[in-house]
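In: how would this look folded up:
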Amino acid sequence: MKISYYAKTDIGLLRTENQDSYGIGEDCYLVCDGMGGAVAGSFASQVAVEVILKLCKTINIEQVRDIIGNELSKIGNDIDIFSPIVAIMLANRMLYNLTIKYPKLAGMGTTAVMSKVDRDYNVLNVYHVGDSRLYRIREGNIKLLTKDHSKINDLLDAGKLTQEDVKFTENQNIITRAVGIASSVKVDYRQYHYKPNDFYIMCSDGLNGEIDDNSINDIVNKNGKNLAFAVNELITSANRAGGRDNTTVIMFTIEDDGQPVKLLKDIKKDILSFSDNDLQKGLYEDRILKESSKKLSIEIPENLKKKKKIYTYLYIVVFVTSLLFLGYYFFSRKEEEKAHNKKLDEISGVILNIRRLNKGRLKTIKEADNYNYKKQLLEESKNFYEGHSFPFVNAAVFIEEKTGYNKFIAISGNYPIKVYLPQGEYKMSLKYPSFSLVDNNFNIVKYLNLSVDLIGELREEIILMVPNNLED
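Out: Next up is the predicted model:
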C-alpha cells in the first residue's frame with residue numbers, strides 16, 4: 001500500500017496566535033488543538049505532538065502493561081495498538097505535571113486525534129481525546145469516524161437536546177475531555193478497515209466549526225486527486241465562512257500497490273475507552289517520563305516560568321504603601337456606595353427573556369383547529385413559558401426610539417438580557433430568519449411597542465418568538 005498525505009495549519013482571521021499543532025510519524029498522523037491563556041495553548045499542543053510521536057517509538061511491552069494493566073484483555077498484547085494509547089496518557093501526565101510546577105500554565109490542555117495505519121491487515125487504528133475530528137470519504141460519501149467529547153454530545157446522548165436544537169445552542173465548543181487538564185485521561189480507541197482510494201481528513205474544530213460535513217465532502221470529491229489543493233481549499237473555505245479559529249487539516253489516502261493483504265477478522269467495531277485513573281499508574285507514568293527525559297526536548301518559554309523572587313525590601317515597601325492607602329480606600333468606598341445607591345434609584349429599563357416554543361408545543365399550536373384556540377395556546381405558552389419554551393439563541397435584538405434612533409443592539413443567548421433605558425416609548429424588533437414575535441394580543445408581528453415607565457427596578461418582559469408559518 002502506498003500512502004500519500006498533505007498537512008497544513010492556519011491561524012485563521014481573528015486569532016492572534018495559532019494554538020494548533022500537528023505531527024507526522026511512521027504511518028502515524030496526529031492533530032492537536034491547544035487551549036490556555038498567553039501562549040500556553042500552543043505550548044500544550046506542541047508538547048503533546050512531540051511526546052506522543054517520540055514515545056510511540058520507544059514504549060515497550062512492560063511499560064504498556066504497567067499503564068494499561070487489566071485493560072489489555074480488551075484487544076490483546078499488540079504493542080503497536082497500545083503504544084499510542086500509553087503515549088497519549090504520558091503526554092497528559094507531562095502537561096499536568098508542568099501545570100503544577102509552573103502556575104502560569106494552569107488550565108492549559110489540548111485535544112488529540114491520531115491515526116495509525118496497519119499495512120499488514122488493512123486496518124486504521126484511531127485514537128481520540130477532545131473534539132478534533134477524523135472523517136473518511138469513501139466512494140464519494142463522508143462519514144465521521146470520531147465522536148466529539150463535548151457538552152453538546154453529552155446532552156444529545158442524554159436526550160436533553162435534539163439535532164434540530166444544536167444550531168441554536170450556545171457554548172458549542174465546550175469539551176468534556178482533553179489532554180493535560182487532569183492527572184489522568186480517558187482515551188477512546190477504534191479500528192476501521194480501510195480500502196484503496198479512501199480519503200481521510202483529520203482536522204481541528206476550526207474546520208468543522210465553520211463549514212459543514214457536506215461542504216467538506218464536496219471539496220474533497222472535487223479536488224481529491226490533488227491533496228495539497230484540497231487541503232488548501234478546505235482551509236480557505238473555513239476562512240471565507242468566518243475564520244474565527246485556527247484551522248489544521250491533515251489529509252491522506254491509501255492506494256493499492258497490488259500486494260496481497262490479510263483482513264483482520266475480529267475487528268473492534270465499538271469504541272473502546274482506556275483510562276489511567278489510578279494512583280499507581282500515575283507513579284509508573286512519572287517514572288517512564290523521567291527515564292524518557294533525554295529523548296524529549298521540552299523547553300518552557302521564559303514568559304511562562306515562575307517569576308523570580310522579589311527581594312524582601314520590596315515586600316516591605318509594598319506593605320507600607322498598602323497601609324497608607326488602606327484608610328483612604330475605606331473612606332472613599334463609603335462615598336462611592338452612597339453615589340452608587342443614588343444611581344440605582346434612578347435606573348429604569350427592562351429584562352428581556354427571549355424564548356421559542358419547544359417542538360411539542362409548536363406541534364400542538366399548528367394542529368389547533370381554529371384561530372381563537374391558537375391564540376389561547378399562545379397565551380398559555382407565554383404565561384407559563386418554563387414548560388412550553390426554551391431560550392432563543394442568536395437572534396439580533398434592536399430597540400429604537402419612536403423617532404427611529406437606535407438605543408440598543410444585542411444578540412440573544414441562554415440568559416435574559418438586561419437593558420438599561422431612560423423612561424419613554426420604544427419599538428423593539430428581533431431579527432432571525434423565518435421567525436416573528438408574539439405581541440400582547442397574541443398576534444404574530446414583526447416588532448413590539450415597548451414602554452419603560454418604572455424607576456428603581458427593571459421590569460421583565462417575556463418575548464415569545466415563533467415561526468412565520470404559524471399564521472397559516
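In: Number of residues surrounding residue 272?
Out: For residue 272, the tally of surrounding residues (other C-beta atoms under 10 Å) stands at 14. The C-beta positions use only the backbone N, C-alpha and C, and glycine is treated the same way.
In: what's the closest non-adjacent residue to it?
Out: If the residues on either side of it in the chain are set aside, residue 272 comes closest to residue 189, at 4.8 Å by C-beta to C-beta, 6 or more residues apart in numbering.
In: Same question for residue 392.
Out: Residue 392 sits nearest to residue 356 (C-beta to C-beta, 6+ apart), 4.3 Å away.
In: On the pLDDT front, check the one you found for me.
Out: pLDDT for residue 356: 90.
In: Just to check, it is in contact with residue 464?
Out: Yes - assessed by C-beta atoms under 8 Å, residue 356 is found in contact with residue 464 at 7.5 Å.
In: any weak-confidence spans in the stretch 201-350 of the chain?
Out: 258-266, 305-347 (pLDDT under 70).
In: Neighbours of residue 354, how many?
Out: 24.
In: Dig out what the residue nearest to residue 272 forms beta bridges with.
Out: residue 127, residue 272 (DSSP bridges).
In: Quick check: residue 407 is in a strand.
Out: Yes - under DSSP: H, G, I helix; E, B strand; the rest coil, residue 407 falls within a strand.
In: can you map out the strands along the stretch 1-150 of the chain?
Out: 2-10, 20-25, 28-35, 109-110, 112-118, 123-129, 133-138, 141-144 (DSSP state E, counting those that start in this stretch).
In: Need those in TSV (columns: mean pLDDT).
Out: Converted to TSV, the strands of the stretch 1-150 of the chain look like this (pLDDT from 0 to 100):
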stretch	mean pLDDT
strand 2-10	95
strand 20-25	96
strand 28-35	96
strand 109-110	95
strand 112-118	96
strand 123-129	96
strand 133-138	97
strand 141-144	97
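In: hey, which of these is tucked in deepest?
Out: strand 109-110 (a mean of 32; mean count of other C-beta atoms under 10 Å).
In: which residues are in contact with that strand?
Out: For strand 109-110, contacts defined as C-beta atoms under 8 Å, 6 or more residues apart in numbering pick out 21, 32-36, 41, 44-45, 48, 95, 130, 178-181.
In: Looks to me like residue 299 is in a helix.
Out: No - according to three-state DSSP, residue 299 belongs to no helix; its state is coil.
In: tell me, how many neighbours does it end up with?
Out: 7.
In: do residue 211 as well
Out: Counted with other C-beta under 10 Å, residues neighbouring residue 211 total 18.
In: Please report how far it lies from residue 21.
Out: 22 Å (C-beta to C-beta, to the nearest Å).
In: Equivalent analysis for residue 209, please.
Out: Distance from residue 209 to residue 21, counting by C-beta to C-beta: 18 Å.
In: Overlap in contacts, residue 356 and residue 464.
Out: residue 389.
In: Tell me which residue is most central in this structure.
Out: residue 173 (2.0 Å; C-alpha atoms, centre = their mean).
In: wouldn't that one be in contact with residue 209 here?
Out: Yes - counting by C-beta under 8 Å, residue 173 sits close enough to residue 209 to count as a contact (7.1 Å).
In: Now do the same contact list for residue 201.
Out: 133, 134, 135, 136, 137, 216, 220, 234, 249, 250, 251.
In: Would you list the phi and psi of it?
Out: Taking degrees, to the nearest 10, you get phi -120, psi 120 for the backbone angles of residue 201.
In: Quickly list what it is bridged to.
Out: Here residue 201 sits in beta bridges with residue 135, residue 251, as judged by DSSP bridges.
In: how close does it sit to residue 230?
Out: 9 Å.
In: what touches both of the two?
Out: With C-beta under 8 Å, 6+ apart as the test, residue 201 and residue 230 both reach 220, 251.
In: buried residues in stretch 60-72?
Out: 63, 64, 65, 66, 67, 68, 72 (16 or more other C-beta atoms under 10 Å).
In: between those, which is nearest residue 104?
Out: Nearest to residue 104 among the buried residues of stretch 60-72 is residue 67, at 28.7 Å by C-beta to C-beta.
In: which residues touch the residue nearest to that closest one when sequence neighbours are not counted?
Out: Counting by C-beta to C-beta, 6+ apart, residue 67 lies nearest to residue 86, which is 4.9 Å off, once chain neighbours are set aside. Listed by C-beta under 8 Å, 6+ apart, the contact set of residue 86 reads 55, 59, 63, 64, 67, 68.
In: how about 10 Å then?
Out: Going by C-beta atoms under 10 Å, 6 or more residues apart in numbering, residue 86 touches 52, 55-56, 59-60, 63-68, 79, 187, 274, 276, 284-285, 288.
In: And for residue 84, the neighbour number?
Out: There are 26 residues near residue 84, going by other C-beta under 10 Å.
In: again but with residue 203, I slipped
Out: Residue 203, neighbours per other C-beta under 10 Å, totals 27.
In: Give me the phi and psi for it.
Out: According to degrees, to the nearest 10, residue 203 has phi -150, psi 150.
In: Likewise for residue 369?
Out: According to degrees, to the nearest 10, residue 369 has phi -90, psi -10.
In: Quick check: can you list the domain ranges of this protein?
Out: 2-304, 309-344, 348-471 (automatic domain parsing).
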